[in-house]
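Chemist: Just a sequence and a predicted model for now, questions to come.
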Amino acid sequence: MKKLLILNLIIFGQINLPIYSKLKTKEDTDKFLNNYCIEVVQFIKDTSEKQKELAKKGQIGEALGIGGLIQGASQIYRNLCKSNK
């Protein structure tokens, strides 16, 4: 649960809050969400690469912890991005 909170803070920390005032049309929101979804997928990719490196080094506990981050990001993708298509 703590890791999911950290993941959410990382991902939502990447959002430039003033952009919300610029989202006035469906096209604006779709463009923003598409870019956001790309960032989520990139985060999953980068994090899974790190998880593989840790597993190769035998740091199984750390690799499993990163698995929780990947799971949280995947949930965000499933809830926000996949349903958008």
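Modeler: Yes, it's here. Numbers count the residues shown, from 1 in each chain.
Chemist: For the host helix or strand of Gly68, buried residues please.
Modeler: Using DSSP states H and E, Gly68 falls within helix 60-76. Of all the residues in helix 60-76, those buried under the rule 16 or more other Cβ atoms under 10 Å are 63, 66, 69-70, 72-73, 76. Backbone N, C-alpha and C define where each C-beta goes, glycine included.
Chemist: Can I get these in JSON lines including distance to Asp28?
Modeler: JSON lines is the format used below for the buried residues of helix 60-76 (distance: Cβ to Cβ, whole Å):
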{"residue": "Ala63", "distance to Asp28": "39"}
{"residue": "Ile66", "distance to Asp28": "34"}
{"residue": "Leu69", "distance to Asp28": "29"}
{"residue": "Ile70", "distance to Asp28": "30"}
{"residue": "Gly72", "distance to Asp28": "27"}
{"residue": "Ala73", "distance to Asp28": "24"}
{"residue": "Ile76", "distance to Asp28": "20"}
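Chemist: okay, and the helix or strand of this protein with the least pLDDT?
Modeler: Every helix and strand in the chain was compared by mean pLDDT, DSSP states H and E; the lowest is helix 2-13, with a mean of 60.
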